[in-house]
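**Q** model this:
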Amino acid sequence: MTQSKKRPISHSIAAFGASSVATLITYPLDVVKVRFQIDRTKGALPSILSQTSSIVHKEGLFILWSGIFPALIASGISWSGFFYFYEVAKKALESRAQWNDT
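**A** Down below sits the predicted model:
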């Protein structure tokens, strides 16, 4: 199937999957960032690696993904909707351009 023959829903499904994978990979960094923001102690801040190591040592590895489900749903819905409407608009503009060429 060529690129132009794909239905917009296939782009939407691919975007949902891709955004879910991206969220799974980057979510632990967001957790560490939030911990940095919460920690208001004076003095030198720990490095990202030492902060991550401290979190994992004190609370366990899977705490880095705690609360991920709302983030997965939100990013999946927003990106799948974006790509769906992008493809619909693109096809409408392409058909209009072809109609104007004739």
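**Q** quick one: residues contacting the spatially most central residue of the chain.
**A** With distances taken as Cα atoms, centre = their mean, Ser19 lies nearest the centre of the chain, 3.9 Å away. By Cβ atoms under 8 Å, 6 or more residues apart in numbering, Ser19 lies in contact with 75-76, 78-80. Glycine gets a C-beta too; all of them are placed from N, C-alpha and C.
**Q** the host helix or strand of it: which residues count as buried?
**A** Take DSSP states H and E as the rule and Ser19 turns out to sit in helix 8-38. The neighbour-count check on helix 8-38 (16 or more other Cβ atoms under 10 Å) flags 8, 11-12, 15-16, 19-20, 23, 27-28, 31-32 as buried.
**Q** quick revisit: farthest-apart pair in the contacts of Ser19, please.
**A** Ser75 and Ser80 (9.2 Å; Cβ to Cβ).
**Q** do me a favour and get the end-to-end distance for stretch 59-76?
**A** Stretch 59-76 has an end-to-end distance of 28 Å (criterion: Cα to Cα, to the nearest Å).
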